[in-house]
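Participant: here is a sequence with its predicted model. Questions after.
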Amino acid sequence: MSFYDLPEIKFSEKFKNFNLKQKNGKIFRLSAGVIFASVVFGFLAGAFSSAIFYSQIKDYLIKTNNDSPLLTEKETTVKEYLPQTSQEDKIIRVVKENSPAVVSIVISKDVPILEEYYERDPFGFLIPIPQYRQKGTKKQEIGGGTGFIVSKDGLILTNKHVVLEEDADYTVFTSDGRKFQAKVLARDPFQDLAIMKIEQENGESFPTLNLGDSDNLQSGQTVVAIGFALGEFRNTVSVGVISGLGRRITATGGGFVETLEDVIQTDAAINKGNSGGPLLNLKGEVVGVNTAMASGAQNIGFAIPINKAKKAIEQVKEVGKIVYPFLGIRYILVTEEVQKKYDLPVDYGVLIVSGDSGEPAIWPDSAAEKAGLKKGDIVLEFNGDKITSNNSLAKIITRYNPGDRVTLKILRKNKEFNMEVVLGERSE
């Protein structure tokens, strides 16, 4: 029997308006009541099944810990990010644990307000050449950099070139937005380092960074740089490797020129404003102080080894300044090229020479003058250490203190002899 051969279907009296009748043998007609009932029952059935389906899906998603657009915002659980590799996990930990102790340094200064005016000639006509006169001063931001806290009482290590302005105001901003007025305690006379101080009114301790050992660094070792890039982007992170060790560079900028010995080279991006920020290993220890980038190059930055800064920090704590042993000579490092140029009998040591502008080879009243060193002498050894390009005089002398008595091996007119010297002192 086909569908079209079905007999007439009759509903009970209660549903008599829902009769389904055959018309012209093949076409059936539903009354308005049947259509309405179908819609109502269909809606209720759909809503019921959807509720069951939604509940089952929701339970499944929660059990499997997956996010879904079916879940409302309140029902969605925010999960902690899971690092993909062990190295990624270490980098994230280094950044989280050390960022609170990295600070932004803002330099501001009273600058003159200049007013433009025009003078008149004797006939009363304006001279079309502008003149300027000062009309008061205004406080203006003139620079910025990065630093990091190295003691709980608020000592901050940064670059000397960041805090070079003597009559400027220095403001420190912490990563949580707090603001402190800072005082520059000491500027290193030889290294691009400086120590600042901030204080909390309630006497609470500041978060600090742990200082590592920069003598055991290896090329290829992963490092993380943190700083306030361009003085604007807080706690900017860059990751790279140590590209080289023992570099010698001449850093310039803002009228500041300084030759830095034995610095770390890294390809971790060091941008403007990163100066003075920490270079960290994957243990979260500071191994360097970011100080310079090579202009016109890709990913070549430099950092001062942290071991060079440790002594400065301790000196500031103990005596309130940074002091260095001072010999008092001007010199050039003897290399094969220098040996040929000056016809020297050796290819190592340092040759005592006058400055390019006629500065004396021996500082007046210095340890060198008192010991009897002369222009043209070659210092071959410093207290038994042979002076070479890899073991420079500047590197050797930093191991000593003012007042130490050392023995120098001198070559003078092809004759070698030893000379005792009591090292002097040089500070800012």
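Facilitator: Right, received. Where do you want to start?
Participant: which parts of the chain are helices?
Facilitator: 32-64, 86-98, 306-319, 336-342, 367-371, 393-397 (DSSP state H).
Participant: least confident of those helices, on average?
Facilitator: Lowest mean pLDDT within the helices of the chain: helix 32-64, a mean of 53.
Participant: give me the number of residues near residue 379?
Facilitator: 23 (other CB atoms under 10 Å). Yep, even glycine has a C-beta here, placed from its N, CA and C like the rest.
Participant: ditto for residue 88
Facilitator: 13.
Participant: try residue 427
Facilitator: A count of nearby residues for residue 427, using other CB under 10 Å, gives 15.
Participant: give me the nearest residue to it, chain neighbours excluded.
Facilitator: Leaving aside its chain neighbours, residue 427 sits nearest to residue 323 (4.6 Å; criterion: CB to CB, 6 or more residues apart in numbering).
Participant: ok, that neighbour to residue 263 distance?
Facilitator: 21 Å (CB to CB, to the nearest Å).
Participant: more neighbours, these two?
Facilitator: Taking other CB under 10 Å, residue 323 and residue 263 do not tie; residue 263 has more neighbours (25 against 19).
Participant: thought the more buried one was touching residue 291?
Facilitator: Yes. Using CB atoms under 8 Å, residue 263 is in contact with residue 291, at 7.2 Å.
Participant: so what sits against both of those two?
Facilitator: Between them, residue 263 and residue 291 share these contacting residues under CB atoms under 8 Å, 6 or more residues apart in numbering: 302, 303, 304.
Participant: ranking these by neighbours, who comes first?
Facilitator: Within the shared contacts of residue 263 and residue 291, most neighbours by other CB under 10 Å means residue 303, with 28 neighbours.
Participant: how much space separates the nearest residue to that one once chain neighbours are set aside from residue 398?
Facilitator: Residue nearest to residue 303 in three dimensions, not counting chain neighbours: residue 288, with 3.1 Å by CB to CB, 6+ apart. Shown here: residue 288 relative to residue 398, a distance of 16 Å by CB to CB.
Participant: neighbour count winner among these two?
Facilitator: When residue 288 and residue 398 are compared for neighbours, residue 288 comes out ahead with 29 against 18, by other CB under 10 Å.
Participant: contacting residues for the more buried one?
Facilitator: Residue 288 touches 214, 223, 264, 266, 278, 279, 303, 304, 305, 306, counting by CB under 8 Å, 6+ apart.
Participant: so where's the stretch 151-300 of the chain shaky on pLDDT?
Facilitator: 230-234, 251-258, 296-297 (pLDDT under 70).
Participant: contacts only, for the closest residue to residue 99 other than its chain neighbours.
Facilitator: Counting by CB to CB, 6+ apart, residue 235 is the residue found nearest to residue 99 once chain neighbours are left out, at 4.7 Å. Shown in contact with residue 235 (CB under 8 Å, 6+ apart): 95, 99, 102, 175, 226, 227, 228.
Participant: of those residues, which is the most crowded?
Facilitator: residue 227 leads the contacts of residue 235 on contacts (other CB under 10 Å) with 31 neighbours.
Participant: I'd say it and residue 272 touch.
Facilitator: No. If you go by CB under 8 Å, residue 227 and residue 272 don't touch, sitting 9.6 Å apart.
Participant: and residue 103, bridged to which residues?
Facilitator: residue 147 (DSSP bridges).
Participant: measure it to residue 178 for me?
Facilitator: According to CB to CB, residue 103 stands 9 Å off from residue 178.
Participant: out of those two, which sits in the more crowded spot?
Facilitator: More crowded of residue 103 and residue 178, by other CB under 10 Å: residue 103, with 27 against 11.
Participant: tell me who's in contact with the more buried one.
Facilitator: Counting by CB under 8 Å, 6+ apart, residue 103 touches 146, 147, 148, 149, 156, 172, 173, 174, 175.
Participant: so the third one touches residue 209, yeah?
Facilitator: Translated: residue 148. Yes. Between residue 148 and residue 209 there is a contact at 5.2 Å, judged by CB under 8 Å.
Participant: common neighbours of these two, please.
Facilitator: In contact with both residue 148 and residue 209: 98, 101, 102, 278, 286, using CB under 8 Å, 6+ apart.
Participant: neighbours of the nearest residue to residue 366 once chain neighbours are set aside, how many?
Facilitator: Distances taken as CB to CB, 6+ apart place residue 328 nearest to residue 366, at 2.4 Å, with adjacent residues excluded. By the criterion of other CB under 10 Å, residue 328 has 21 neighbours.
Participant: do you know how far residue 328 is from residue 339?
Facilitator: With distances taken as CB to CB, residue 328 is found 24 Å from residue 339.
Participant: again with residue 316
Facilitator: 41 Å.
Participant: between those two, tell me which one has more neighbours.
Facilitator: Remark: of residue 316 and residue 339, residue 316 carries more neighbours, 23 against 16, as counted by other CB under 10 Å.
Participant: follow-up on the earlier one: now do the contacts for the residue nearest to residue 366.
Facilitator: So residue 328 contacts 362, 363, 366, 367, 368, 369, 424 (CB under 8 Å, 6+ apart).
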